[in-house]
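Novice: Give me the fold of what follows.
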Amino acid sequence: MPLERTPLLQAPGGPHQDLRVNFVAGAVEPHKAAALERLLWRACRGFLIASFRETEQQLEDPVTGEPATWTTFLISYWGEQIGQKIRKITDCQVLGRVQKLLPPWQVQIRKMKAVYLALNQCSVSTTHKCLIAEAWCATRDLPTVQQALQDSSSEAGVSAVVHRIPCRDMPPTLVRTNRFTASFQGIVDAYGVGRYQEVNPAPYTIITFPFLFAVMFGDVGHGLLMFLFALAMVLAENRPAVKTAQNEIWRTFFGGRYLLLLMGLFSVYTGFIYNECFSRATAIFPSGWSVAAMANQSGWSDTFLAEHPLLTLDPNVTGVFLGPYPFGIDPVSPRRSPGVIFLNSFKMKMSVLLGVTHMTFGVALGVFNHMHFGQWHRLLLETVPELVFLLALFGYLVFLIIYKWLRFTAADAASAPSVLIHFINMFLFSRSATNRPLFPGQEVVQSVLVVLALAMVPILLLGTPLFLRQQHRRHARRRQLDEDKTGLLDASVSVSSQGLDEEKAECPGDREEAEFVASEVFMHQAIHTIEFCLGCISNTASYLRLWALSLAHAQLSEVLWAMVMRVGLGLSDEMGVVAVVLVPIFAAFAVMTVAILLVMEGLSAFLHALRLHCPFTFAVEDAEHP
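Specialist: Model prediction:
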């Protein structure tokens with residue numbers, strides 16, 4: 001039958017296929033000719049005629065430019081589909097070469113874009129028929145710029161000329177960063193860039209930001225997970241697939257990998273202080289409290305223990321309190337209500353201590369700015385009153401907290417007076433009969449500190465404006481005397497010298513003199529004074545978020561453990577069901593730990609730590625030049 005004579009491997013297109021013969025010709029390296037022939041034969045199922053022949057003369061290699069021996073090929077085929085396959089196979093050789101040359105081409109394109117971007121910012125001089133560019137350059141980079149211009153213009157025939165223009169304008173701020181400090185500098189720049197030669201708070205933020213974050217996120221287990229995640233990104237930072245990833249969320253995490261690394265490391269440290277690992281306490285050292293001594297002394301029975309799930313240990317009983325825990329919180333201290341009262345008190349006082357120290361350090365760094373710029377009036381009339389106001393009120397609060405910790409022990413803690421009542425009575429100039437003083441003469445000291453803090457307000461408000469107005473009047477009188485002494489004969493000399501000065505100083509800011517407006521200076525200083533005085537109160541209260549976020553994180557960890565893991569671990573082992581059920585329970589616990597406690601709580605603590613660096617940054621940098 002006719003069907004029996006039909007070949008099994010019929011060419012694409014059926015019996016009515018195009019019988020016109022086409023061909024593809026080209027050249028290939030000799031060692032790849034056999035592989036190309038096998039690939040064509042298998043891909044086209046033998047429906048082609050291939051002819052390979054080595055060239056008699058050497059041809060130039062388009063990649064290296066050197067003469068090389070090539071193998072020419074001529075492939076005859078019929079059918080459009082087979083022709084497309086053959087063209088794709090032969091073109092892949094060219095694409096392979098393009099893939100090798102693609103990285104250099106990308107570099108060249110980026111260089112060309114950078115060059116044309118710089119040229120577009122230049123102005124055209126119609127007189128001299130050249131391009132003129134005015135720019136700021138770091139002093140240490142000036143030889144590099146001159147050498148680059150000399151190298152680039154050596155083949156052009158006309159060399160580039162660099163002139164240093166004298167200018168009294170404030171230069172822009174250049175902060176050099178690397179892959180470690182870039183994320184921390186970005187945190188500081190989020191609130192503004194300081195003036196030229198001001199103290200840069202970014203090096204101090206490398207320590208303060210992860211530490212304040214860890215105070216709110218303190219947990220050994222959660223911090224370790226964050227540290228390992230950041231460490232994996234740091235170890236894989238040089239891989240091309242990681243560096244060129246286009247996912248926006250991934251690029252955000254990857255850009256702050258060193259920040260996450262320190263945040264996780266500090267969280268592990270504060271987790272050991274809180275003695276929390278996935279909300280569980282760990283007994284690394286022996287406890288400083290003895291339950292057996294309290295039980296023997298009080299005669300606790302089984303019925304009493306069943307009716308009282310939480311027990312109180314009296315340190316006045318002999319053998320109950322053996323001494324403080326070597327590091328961190330004692331594991332005997334309960335983490336749930338009502339035992340959480342102790343942790344609340346500890347974290348609240350610790351937040352106040354850290355907040356006042358952080359703000360004081362920021363104001364103290366501003367001293368170096370005034371000393372560097374020679375602004376001694378701002379040092380004496382602004383920074384010193386600010387430090388006195390801050391330390392007289394809130395520095396005294398820190399002193400009361402530390403003094404109470406040192407003065408009273410666990411044995412007489414019940415009779416210790418309240419620091420909060422003392423601090424409130426300090427502003428009311430009153431005395432509480434039920435709250436005894438911490439030390440003799442406390443009322444007198446508190447009254448003096450309040451009066452001293454209030455006396456700093458008018459100095460901070462009027463000191464700098466009055467000094468600047470007096471300085472302006474003195475300069476105006478001196479300028480008037482100089483003009484009166486200048487005679488008519490010196491007018492031409494002064495005009496010519498003025499012309500020379502204008503030629504030398506081409507910077508527009510040199511010919512403009514700032515006009516002193518007393519009302520603006522007084523208004524600016526009034527705003528600064530009100531902002532600082534109210535900011536001391538509001539920012540100190542704002543640092544209490546360290547306590548609030550730490551408590552929230554600990555309670556969420558406890559709830560997650562109680563609602564998930566404790567349920568699975570409390571199941572009775574019947575027919576081996578527990579081993580099977582624990583797998584999905586642990587999976588749910590792990591997913592919720594990452595999603596809620598690491599991602600959600602971590603982002604919340606990060607934003608709050610970012611907010612707490614606002615007063616620190618503005619205390620260091622000049623508020624006039626954000």
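Novice: Mean confidence (pLDDT) on stretch 131-139, please.
Specialist: Averaging pLDDT along stretch 131-139 yields 87.
Novice: Pull the residues that contact it.
Specialist: Here stretch 131-139 makes contact (C-beta atoms under 8 Å, 6 or more residues apart in numbering) with 118-119, 121-125, 145, 165, 171-172, 174. Where you see a C-beta, it was placed from the backbone N, CA and C, and this is true even at glycine.
Novice: Please list the residues outside stretch 526-542 that contact it.
Specialist: 352, 355-356, 359, 382, 386, 389-390, 393-394, 457, 460-461, 611-612, 615, 623.
Novice: Write the ChimeraX selection for whichever of those residues are buried.
Specialist: Buried members of the contacts of stretch 526-542, defined by 16 or more other C-beta atoms under 10 Å, are picked up in ChimeraX with:
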select :352,355,356,359,382,386,389,390,393,394,460,461,612,615
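Novice: and residue 606, what pLDDT?
Specialist: For residue 606, the pLDDT comes out at 94.
Novice: Give me the secondary structure label for it.
Specialist: What DSSP: H, G, I helix; E, B strand; the rest coil gives for residue 606 is helix.
Novice: check contacts around it.
Specialist: Counted by C-beta under 8 Å, 6+ apart, residue 606 has contacts 213, 263.
Novice: Among the contacts of stretch 526-542, name the ones in helices.
Specialist: 352, 355-356, 359, 386, 389-390, 457, 460-461, 611-612, 615 (DSSP state H).
Novice: any idea which of these is closest to residue 58?
Specialist: residue 611 (71.5 Å; C-beta to C-beta).
Novice: okay, now residue 256: neighbour count?
Specialist: 19 (other C-beta atoms under 10 Å).
Novice: wait, what's in contact with it?
Specialist: Applying C-beta under 8 Å, 6+ apart, the residues near residue 256 are residue 183.
Novice: Next SSE downstream of the least confident helix or strand in the chain by mean pLDDT?
Specialist: None of the helices or strands of the chain scores lower by mean pLDDT, DSSP states H and E than helix 491-504, at a mean of 44. Following helix 491-504 in sequence order, the next helix or strand is helix 518-542 (DSSP states H and E).
Novice: Just the pLDDT for residue 588.
Specialist: pLDDT, residue 588: 91.
Novice: I meant residue 543, not that one.
Specialist: In this model, residue 543 is scored at 92, pLDDT.
Novice: can you pull the contacts of it?
Specialist: 351-352, 354-356, 358, 612.
Novice: closest to residue 283 among the ones in helices among the contacts of stretch 526-542?
Specialist: residue 352 (29.7 Å).
Novice: the helices in the stretch 201-350 of the chain, which residues?
Specialist: Ranges of helices in the stretch 201-350 of the chain, per DSSP state H, counting those that start in this stretch, are 202-217, 220-235, 240-243, 248-255, 257-274, 291-298, 302-307, 340-372.
Novice: Out of those, flag the one nearest residue 91.
Specialist: Set against residue 91 and scored by C-beta to C-beta, the helices of the stretch 201-350 of the chain come closest in helix 240-243, at 25.0 Å.
Novice: who touches residue 175 in this structure?
Specialist: Residue 175 makes contact with 185, 193, 200, 202 under the criterion C-beta under 8 Å, 6+ apart.
Novice: Phi, psi for it please.
Specialist: phi -120, psi 110 (degrees, to the nearest 10).
Novice: Please read off the pLDDT at it from the model.
Specialist: Looking at residue 175, its pLDDT is 89.
Novice: Look up how far residue 186 lies from it.
Specialist: To residue 186, residue 175 is 10 Å away according to C-beta to C-beta, to the nearest Å.
Novice: and what of residue 76?
Specialist: 63 Å.
Novice: And residue 307, by the same measure?
Specialist: Distance, residue 307 to residue 186, by C-beta to C-beta: 57 Å.
Novice: next one: residue 571
Specialist: For residue 571 relative to residue 186 (C-beta to C-beta), the value is 49 Å.
Novice: what helix or strand is residue 72 on?
Specialist: strand 71-78.
Novice: I meant residue 454, not that one.
Specialist: Using DSSP H and E, residue 454 falls in helix 442-485.
Novice: Kindly report the same for residue 97.
Specialist: helix 80-120.
Novice: Run the chain-centre distance for the helix holding residue 454.
Specialist: 39 Å (C-alpha atoms, centre = their mean, to the nearest Å).
Novice: could you give the angle of it to helix 518-542?
Specialist: Counting by axes from the mean of the first three to the mean of the last three C-alpha atoms, to 10 degrees, helix 442-485 lies at 150 degrees to helix 518-542.
Novice: So which elements touch helix 442-485?
Specialist: Packing partners of helix 442-485 (3 or more C-beta pairs under 8 Å, 6 or more residues apart in numbering; DSSP states H and E): helix 376-378, helix 384-390, helix 396-407, helix 419-428, helix 518-542.
Novice: go again using 7 Å as the cut-off
Specialist: helix 376-378, helix 384-390, helix 419-428, helix 518-542 (3 or more C-beta pairs under 7 Å, 6 or more residues apart in numbering; DSSP states H and E).
Novice: Low-confidence regions, the stretch 351-500 of the chain specifically.
Specialist: 483-500 (pLDDT under 70).
Novice: how does it look with 50?
Specialist: 488-489, 491-500 (pLDDT under 50).
Novice: Likewise for the chain?
Specialist: Counting by pLDDT under 50, the chain shows low-confidence ranges at 1-16, 488-489, 491-506, 508-513, 623-626.
Novice: Tell me how it divides into domains.
Specialist: If you go by automatic domain parsing, the domain ranges for the chain are 13-99, 182-288+323-380+527-620.
Novice: roughly how far is the first one from the heart of the chain?
Specialist: Going back to what we said before, that points to domain 13-99. 55 Å.
Novice: can you check stretch 578-588 too?
Specialist: Computed by C-alpha atoms, centre = their mean, the chain-centroid distance of stretch 578-588 equals 38 Å.
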